[in-house]
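*Asks:* My questions concern the predicted model and sequence given below.
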Amino acid sequence: MSTPALLRFLARLCIVAVPFAGTAAPAVDFNRDVRPILSDRCFACHGFDANKRKGGLRLDTREGALAGGKSGKPAFVAGKPDQSALVKRIRHTDPEEVMPPPEHPRSLSGEEKDLLVRWIAEGGKYADHWAYSPVQRPSVPQGDRSQVHPVDAFIADRLKREGVEPLAAADRRTLVRRLSLDLHGVAPDPESVEKFAASKDSRAWEKLVDLFLDSPRFAERQTQMWLDLVRYADSIGFHGDCTVSVWPYRDYVLRAFQENRPFDRFTREQIAGDLLPGATDETRIASGYNRLNRMSTEGGVQDKEYLAKYAADRVRTTSITWLGSTMGCAECHDHKFDPISTRDFYSFAAFFADLQEQGFYDRGFGENEWGPRLRLPSPEQKSELERLDTAIARERAVLEAASDDSLAGSRAAWESAVLAADAGKSLGWGIQKPAALSTVNGARLEAAGDWVRASGPNTDTETYIVRLRPGTGRWTALRLQTGTDEELPGNRIARNGTTFHVSGVDLELRDPAGSRVVDIARVQVSAASEGFPGSSLIDPDPSTTWAVGEGHSRDHQAVLHFRNPIETGSETELVFRIHHGSRFPRTAIGRFQVALSSWTSPGLGSGVPEDVLKSLRKPVAERGKEDVERIRKHHRTVAPELAGTWGRLAELQDQRSLLLGKIPSTLISEARKEPRVMRVLARGNWMDESGPVVSPAIPARFQTDSTKTAPERRPTRLDLAGWLTHPDNPMTARVFVNRQWKNLFGAGLSRVLDDVGSQGEWPSHPELLDWLAAEFMSPSPALARPGRTPHAWDVKHLVRVVVTSAAYRRSSVATPSLLERDPDNRLLARQGRFRVDAETVRDSALAASGLLVEQVGGPSVRPPQPEGYWAALNFPKREYVPGVGEELHRRSLYTHWQRTFVHPAMAAFDAPSREECTANRVNSNTPLQALVLLNDVEFAEAARALATEEFRRSGKRPETAVAALWRRVVSRPATPQELAVLLDLFRQQTARYATAPTDAAELLSVGAAPLAKDLPQAELAGVTAVARAVLNLHETITRN
Amino acid sequence: MNSQTIPDFLTRRHFLGRSARGLGTMALASLLAPSLFAQAAKPPIGSKGFIQPLHHPAKVRRVIYLYMAGGPSHLETFDPKPKLGELHGKPMPESFTKGQQLAQLQGQELKCFGPQWGFRRYGKSGLEFSENLPLLGDHADEMCLIRSMYTDQINHDPAHMLMNTGSIIAGRPSFGSWLLYGLGSETEDLPGFVVMVSSGRGGQMQPIAARQWSSGMLPSRFQGVKFSGQGDPVLYLQPPRGVERGDQRQVIDAVNRLNRLEHEQVADPEILTRIAQYEMAFRMQASVPDLMDTSREPAKVFELYGCRPGDGSFASNCLLARRLAERGTRFIQLYHRDWDHHGNLKNDIRLKHDEIDRACHALLTDLKERGLWEDTLVLWGGEFGRTPMSQSGNGRDHHIKGFTTWMAGGGVRGGMAHGATDELGYAAVDSPVHVNDLHATILHLFGIDHRRLAVRHQGLDVRLTGIAGEVVKDVLA
């Protein structure tokens, strides 16, 4: 601790200690003064957890304390400290007698002992825990007529009592920046700043606030915070951490905040959207909330164990998100500090026991096999899907209608042809050793044995050229087989990504007579991912690709059937090209071989499957029933009579696959017929089946007459949702309001955002917190936006009320005396200063540079990320493939969230992994953050684009450009001193780049933004250096 | 130390308990005059972190944790079980396995699978371990095997969590983060907690998650920094293209000058921290490449380790670990992620023997020769062990009831085996050591009472050892 910090800290000791030191000390308040001490030092052994209670004594209730323990002696005698056992024990000098016992990690200080003594002297009164008493709207203090805003009235009341003067309002530019960072999560553009700074309108602030609340950016910012709580991510979290599609849930949250959906409805839709009487796609998407837990595909996982893990995870997340309650602590034992029993924990978990889910997801690799999901086709996609399904059914019916008898003739001919070819060994595939190998963009192809392996440069797109000299022959098909290789980063099969993407193939026949393109009639593949069918190899559309799933890697095959057999001679060369030219960069095949067949209807593995061939080789008389059936079945797939139907069916199925690949899907909740049995697990042990079976119930402490459900009916998630926002629920509104406050001031009124229980923090302004909670649940029209009627649980109204207060608009620059008096700003005489969130750091840089693409919602995107960051992932092994075009510059809310490896630039700025509910991000200050801002290609690109924009706009006047870019980033004009530093840097760097044009060219081509060849390059590089510096400023990433 | 870089309530809580009134006189005294305190106690190894002063004299300054991900078979490495060999192919006695959790063997017939490789006695102590680890055998008299390890989690992902954070709930600080938080860093130029990952030959590589070195709810400056064998050794270490070191210096100078101007206006100590972090970042841009550049190591060093410069192997990482140790990094964790031998165990584990034998021998030798031995703890082990029963006739499944971890270096008794599994290597029966106990013991070596290294989170005093953990006194020198 530095010296000033130490001094401030000591000063703080004094102000806190003073009220209790003098003779005229105010009365002891149980919740503020005593409960924290009892909770921290006593409750672990003398609290709610009956199993761990020592000596039978509990101190968490007055009845318990007065009843005493096994000895029957009361813990204290009200008003008589001298006769109180508690006082005797805390003052004891004998280590055997003193409380808390010496092995307790924290002893009682002298002040704390005095406080307990005074509390008993004053009657030893208890009070309901602040967060557990019903929310009642306190009356607004009427102290000062000038404080018309209720928020200010509460704050002024305390400031007056403490004798502290609040700071004046911050300057107008700071205010716009503050509002923009808080409400939108991105710094404002200079135009809005200057407009507000110059405005003479007395209602300019309210108008600005309303404008900001209406923007989709408001919803994006709120969504970001909500997603931390519900631990939304794009991957499953455990072990292989495979991807999962649930982004439509994220977009649901966006819509809810944008439409200002009442928070009680928002709650209901997420917890029980599938059970609502009028459930719609929208509410079902919302019910994806229940499916955001981590999941496992690890071999050896036992369903039961993981179902228990998922259930506990849901209790932790739901209780912290809505209740600010650490119910998760009661999984193995009764809660030490709060009135939550183990039975409460499992009864709460039982609400979710109806969910269809698995503990172990067997083949979940990227195929969206993660339990119930909802496909979300557009109306056009829906009718197209119906059309295809009807057509597919029609072709299937034709196949079924074809009797075996009608095919008997062709079967006999086929059988003899197969046997003849088998005898002549011309049935299978002849692997072709390439005569020559080359590529278009520089990859190296090397033959080793039957295989060809790719290495060397891996460019975004690549074409492999394989030259074959098969010699004299007549060929019907070519087979491309891909192989696995441990060294290949792309799921062992591709050079990158999680699979290969082949956009097309073509085959050219060259002989002395000339060259011609071989007509490929159809493609048959061993496997294809949804949306990436084999027919993409020969369709004219270069954007479609053949790709295989993320699953355990294995060999894959594509057979290209020629429309007519081709003849080759000794001089003939076949040129086979494999194109990788899709929007999936660098996903070329890693290892492959090519084979040719001369058999009339070759299949994938061999001309005819081995088992069919075995049956065929048997003399007819010796064939068993199975043989006959096998032959008959296989023949149906190759019978010339049905060839047209099979062909049409394959085409339709490929069209369907392509269509499905474009239709988004999302995880949803679906109820089982019978809910799973939920038991109390002794000490959380899932193998112990001795515990009592429980039904869904809210914690006993919070049950009231009006929260009761009919005894004969099993309560459901709907009942849970109803209770979460029930007027008798004391926590939900307080918790939500407190978190919004944190977002607007840097710290909550109670600073512990994830625990409002005994171990949480007594709020600095309890009445204000309660007033805001009441205002959230039932808003006063008087405070509403003109012309609007607020509704119950109105999020925008709540935010509006807070940001229109004078307290919100105060300066954040503390005076030395204020800093000494109130270092933690508990009195709210000033505003907070804090580093902005990871997302805001990046989004603000993108916004300033003009690169930011503002498009609300849609699938998650992949901005650039350092290579190799995912190297430690496996099952499947994969590499990160960045997006293209606009995907590179979307808001960070939409960045792909990989739980085990969160985007490293965001992780450096404390973005959580979203494996667990996060109510409060930590906020640190590290060298890695400096490295990100200095060196990440995204920030260098932003600096370059920002410099280019301002330099061009300034008419190539560097001084103007530098001043303008500063203003754009920091939202205020630079001081002369600051400008001098910037210009110094500009001059140094311009001089340096003038002598190093190659370096300038490199710097000026970082990232994907367009080049600016029209501007003088050395000077532009100089301005870029200045832009880099400005994007690295502490002020740039600070909200003040 | 600047407490402002940690959320202030977290910092103060840690120092003061729940409120200023909870301030103990000891804590106050140490805050006022930490140097006085340090003098009074004269500990040979001090703390630059949040534990002031150390709870008791420390034996070690740093740990090199050789983390064998996947779950090494104790039965082919450090736990000889001749009886299991005798029963090879016979049914596993039900008395061992009844009612026990299994992973991939659930519902299958359980047969004994004898040790696939022989054992040998090494050193004066006659410590017995695999015949395939002869070089490591040279150090037997300084090694302490804990043959009675057990854990709670039978699948890799949660087992890694438990081994690294003492908890299976995500968001808890990792072992290295706790040490950094408690003791601070001893280097200004390099991260205090470094992770490196290597793969082996053959087998299937374990996925490793960043949460295994996460700082959890502690600020991210306590998190592990993963050094990579490919690309930038540290993410974002290289300046953008076209920016040379001199350019970077000029930009940082401007940034720092401007930040100082802001500080003059608003006197926010966070700004001073920011300036310091930019300086550290700049130093790292030189110190990390310098660390990774082994080209000036003499040829005999590469012979000793059996690696080539920068080949990314486990051996090469062991060499880098020694270089990190020399430079003051406190927690060095090397993952070798190729120990999940469900099948083909005999051949595949032989490859592992080779990969670790020379590398570990080299590391231990090197530490001894460079005077780093006495204050370095070397820890070797995985997240669990493997079944004495066969899987598919040629492998072993995950196993949590008994496995081996070994330690060597400062403060550790050498040439001994602590605890034992039963005669078939199934369960730790003699002096079982839980993961929490292992953590408590290692913290003890660092001068930390594991019960007193705690941070308030969600109403709880979160600790590396949860509510458990006993120091294993038997292994202490």
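*Replies:* Structure received.

*Asks:* Point out where the stretch 1-150 of chain B drops to low pLDDT.
*Replies:* Where the stretch 1-150 of chain B drops to pLDDT under 70, the residues are B:1-44.

*Asks:* Where do the helices of it begin and end?
*Replies:* Here the stretch 1-150 of chain B has its helices, by DSSP state H, counting those that start in this stretch, at B:8-16, B:25-32, B:34-41, B:82-86, B:94-97, B:134-137.

*Asks:* What of the stretch 701-850 of chain A?
*Replies:* Counting by DSSP H, counting those that start in this stretch, residue ranges of the helices within the stretch 701-850 of chain A are A:717-724, A:732-745, A:766-777, A:795-803, A:816-821, A:838-849.

*Asks:* what sits against residue A:649?
*Replies:* A:392, A:395, A:396, A:399 (C-beta atoms under 8 Å, 6 or more residues apart in numbering or on different chains). In short, each C-beta sits where N, CA and C put it, glycine included.

*Asks:* Identify the residues contacting the first one.
*Replies:* Translated: residue A:392. Contacts of residue A:392 by C-beta under 8 Å, 6+ apart are A:649, A:652, A:653, A:656.

*Asks:* quick one: buried residues of the strand or helix carrying it?
*Replies:* Using DSSP states H and E, residue A:392 maps to helix A:379-401. By 16 or more other C-beta atoms under 10 Å in any protein chain shown, the buried positions in helix A:379-401 come out as A:381, A:384, A:385, A:388, A:391, A:392, A:395.

*Asks:* would JSON lines of those residues with pLDDT be doable?
*Replies:* Shown next, in JSON lines, are these (pLDDT from 0 to 100):
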{"residue": "A:381", "pLDDT": "96"}
{"residue": "A:384", "pLDDT": "97"}
{"residue": "A:385", "pLDDT": "95"}
{"residue": "A:388", "pLDDT": "97"}
{"residue": "A:391", "pLDDT": "97"}
{"residue": "A:392", "pLDDT": "96"}
{"residue": "A:395", "pLDDT": "95"}
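
*Asks:* Could you report the neighbour count for the residue nearest to residue B:99 when sequence neighbours are not counted?
*Replies:* Distances taken as C-beta to C-beta, 6 or more residues apart in numbering or on different chains place residue A:687 nearest to residue B:99, at 7.8 Å, with adjacent residues excluded. A count of neighbours around residue A:687, defined by other C-beta atoms under 10 Å in any protein chain shown, yields 13.

*Asks:* Same question for residue A:423.
*Replies:* 10.

*Asks:* OK, contacts around it?
*Replies:* No contacts exist for residue A:423 under C-beta under 8 Å, 6+ apart.

*Asks:* what's the answer for residue A:184, then?
*Replies:* A:212, A:215, A:217, A:218, A:220, A:221.

*Asks:* which of these sit farthest apart?
*Replies:* The span of those, defined through C-beta to C-beta, is set by A:212 and A:220 at 12.0 Å.

*Asks:* on that earlier part again, which of the buried residues of helix A:379-401 lies closest to residue A:735?
*Replies:* Lowest distance from residue A:735 to the buried residues of helix A:379-401 (C-beta to C-beta) belongs to residue A:381, with 40.3 Å.

*Asks:* I figured the closest one was touching residue A:663, is that so?
*Replies:* Yes - counting by C-beta atoms under 8 Å, residue A:381 does reach residue A:663; the two are 5.5 Å apart.

*Asks:* In contact with the closest residue to residue A:341 other than its chain neighbours, which residues are there?
*Replies:* Nearest non-adjacent residue to residue A:341, counting by C-beta to C-beta, 6+ apart: residue A:334, 4.8 Å away. Residue A:334 makes contact with A:48, A:49, A:50, A:51, A:52, A:340, A:341, A:342, according to C-beta under 8 Å, 6+ apart.

*Asks:* Also residue B:307?
*Replies:* The contact partners of residue B:307, by C-beta under 8 Å, 6+ apart, come to B:313, B:315, B:316, B:319, B:359.

*Asks:* count of residues packed around the third one?
*Replies:* Using other C-beta under 10 Å, the number of residues around residue B:316 comes to 22.

*Asks:* and if you look at the last one?
*Replies:* Residue B:359 has 28 neighbours, counted by other C-beta under 10 Å.

*Asks:* Quick check: it is in a strand.
*Replies:* No - remark: residue B:359 does not belong to a strand; assigned using DSSP: H, G, I helix; E, B strand; the rest coil, it is helix.

*Asks:* Could I get the phi/psi values of the closest residue to it other than its chain neighbours?
*Replies:* Spatial nearest neighbour of residue B:359, excluding adjacent residues (C-beta to C-beta, 6+ apart): residue B:315 at 3.8 Å. Main-chain dihedrals, residue B:315, degrees, to the nearest 10: phi -60, psi -40.

*Asks:* related to what we said a few turns ago, point me to the helix or strand that includes the residue nearest to residue A:341.
*Replies:* Take DSSP H and E as the rule and residue A:334 turns out to sit in neither a helix nor a strand.

*Asks:* how much space is there between it and residue A:684?
*Replies:* The spacing between residue A:334 and residue A:684, counted by C-beta to C-beta, to the nearest Å, is 12 Å.

*Asks:* can you check residue B:109 too?
*Replies:* Taking C-beta to C-beta, one finds residue B:109 at 31 Å from residue A:684.

*Asks:* More neighbours: which of the two?
*Replies:* Per other C-beta under 10 Å, whichever of residue B:109 and residue A:684 has more neighbours is residue A:684, with 17 against 9.

*Asks:* so how far is residue B:98 from residue B:109?
*Replies:* The spacing between residue B:109 and residue B:98, counted by C-beta to C-beta, is 14 Å.

*Asks:* nope, residue A:120 is what I was after
*Replies:* For residue A:120, the distance to residue B:98 equals 56 Å [C-beta to C-beta].

*Asks:* do the same with residue A:82
*Replies:* In this view, residue A:82 and residue B:98 are 60 Å apart by C-beta to C-beta.

*Asks:* Mind checking which of the two has more residues around it?
*Replies:* Per other C-beta under 10 Å, whichever of residue A:82 and residue B:98 has more neighbours is residue A:82, with 10 against 7.

*Asks:* count of residues packed around the closest residue to residue A:206 other than its chain neighbours?
*Replies:* Of all residues not flanking residue A:206 in the chain, residue A:804 sits nearest, at 6.2 Å (C-beta to C-beta, 6+ apart). Burial of residue A:804, expressed as a neighbour count using other C-beta under 10 Å, amounts to 18.

*Asks:* contacting residues for residue A:804?
*Replies:* Going by C-beta under 8 Å, 6+ apart, residue A:804 touches A:149, A:205, A:206, A:209.

*Asks:* Buried only: go through these for me.
*Replies:* Neighbour-count burial (16+ other C-beta under 10 Å) applied to the contacts of residue A:804 gives A:149, A:205, A:209.

*Asks:* Since that was my last question, I'll sign off now.
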